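Asker: below is the sequence, then the predicted model.
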Amino acid sequence: MGRQAEANSYVPLPVRNGVAPSYLWLTETLAGGMLRFLAARFPDVTVDSWAARLQRGEVVDALGAPLGADSHVRKGMRIWYYRELDELETPIPFKEKILFQDEHLLVVDKPHFLPMIPTGRFLHETLLVRLKAQLELPHLTPIHRLDRETAGVVIFSHKLETRGSYQSMFQKRVVKKVYEALAGPIEGREFPFTYRSRMQDAAQFFVSEEVPGEPNSETLIEVIERRGDIVRYRLHPHTGRKHQLRLHLSSLGAPILNDAFYPVALPCKGDDFSAPLQLLARSISFDDPLSGEKRTFHSERTLDWPTGDSR
């Protein structure tokens, strides 16, 4: 699909039910009209759906003028539209909790299973769209990400003028992030210890793998408690590679409980919410780049021990 609205440029369509409009630059001039172009450009969307959107005036040019089915398709045009799903979304029965809000930041405790942003079959059932609809913050943007399967603390910016200052903290790696996970025991190690490896995208695009070479990922691993064959670990990632914590524990012979990707990617369970990944972003700490104040935010969620006991 097209890209979502750039917050610092003119946007001819408003945020609708928490969904920001998307845009697409046209790279060539084509005959046949706008409906034909859209149907060919987005084959997963039906022709009838595009026809209805055009008729409702929900596809516009850069100045906000509605486009019709027969409108010209010209190189250099930028068109705007709302992303929609042809099928109803399955409600995700877990709620986010707002931990903190000021004029710059919004800090949220994300539940398991809720995607951060619209992607694939998720649109309204995403954290960003839920928050925009609830709080009417049109410039809300996450400044880091959590996997859909991971719960815990995540930070959003909602003020354009200061967003870069907070984003730079993550780029400079001056943010301290602490996670917790439930997994089996790691044998042959003295705790705490640091695990390093070289990671890259695997052939299956949605997972990562370890390969020989100079390490580009690093995690400090501690034990909090052990109950039988299950251990609660405290994890300090010093780098932020995709699925780093999940892959590191799996490579150490202790995959996180209910991990459907590591060590083996299992068939998708669709809308089965019965077995959440036992990984939690417990806290985030940093020195505020504007005020210099020390800030720490903690998740109020818990991990689920197999016995039903949780802390």
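Answerer: Structure received.

Asker: so where's this protein shaky on pLDDT?
Answerer: By pLDDT under 70, the weakly predicted segments of the chain are 1-9, 86, 268-270, 308-311.

Asker: dump the longest helix belonging to it to PDB, restricted to CA.
Answerer: Secondary structure of the chain per DSSP state H: the longest helix is helix 160-171. What follows is helix 160-171, C-alpha atoms only, in PDB (Å, rounded to 0.1, in the frame of the first residue of the first chain):
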ATOM      1  CA  LEU A 160       6.400  17.600  15.800                       C
ATOM      2  CA  GLU A 161       8.800  20.200  17.100                       C
ATOM      3  CA  THR A 162      10.400  17.900  19.700                       C
ATOM      4  CA  ARG A 163      10.100  14.500  18.100                       C
ATOM      5  CA  GLY A 164      13.600  14.500  16.700                       C
ATOM      6  CA  SER A 165      15.100  15.000  20.200                       C
ATOM      7  CA  TYR A 166      13.400  11.900  21.500                       C
ATOM      8  CA  GLN A 167      14.100   9.800  18.400                       C
ATOM      9  CA  SER A 168      17.800  10.600  18.700                       C
ATOM     10  CA  MET A 169      17.900   8.900  22.100                       C
ATOM     11  CA  PHE A 170      17.200   5.600  20.500                       C
ATOM     12  CA  GLN A 171      19.500   6.200  17.600                       C
END
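
Asker: got a list of contacts for it?
Answerer: 7-8, 104-105, 139, 141, 143-144, 155, 157, 175, 240, 286, 289-290 (Cβ atoms under 8 Å, 6 or more residues apart in numbering). C-beta here means a position set from N, CA and C on the backbone, and glycine is covered the same way.

Asker: swap in 10 Å and give it another go.
Answerer: Applying Cβ atoms under 10 Å, 6 or more residues apart in numbering, the contact partners of helix 160-171 are 7-8, 103-105, 139, 141, 143-145, 155-157, 159, 174-175, 177, 240, 284, 286-290.

Asker: if I look at residue 234, how far off is residue 301?
Answerer: Distance, residue 234 to residue 301, by Cβ to Cβ, to the nearest Å: 15 Å.

Asker: okay, those two: which has more neighbours?
Answerer: residue 301 (21 against 17; other Cβ atoms under 10 Å).

Asker: which residues touch that one?
Answerer: 94, 97, 109-112, 151-153, 180, 276, 280-282, 310.

Asker: and if we set it to 6 Å?
Answerer: By Cβ atoms under 6 Å, 6 or more residues apart in numbering, the residues touching residue 301 are 151, 280.

Asker: ok, then the element right after the longest strand anywhere in the chain?
Answerer: Longest among the strand segments of the chain by residue count, using DSSP state E, is strand 217-227. On the C-terminal side of strand 217-227, the closest following helix or strand by DSSP states H and E is strand 230-237.
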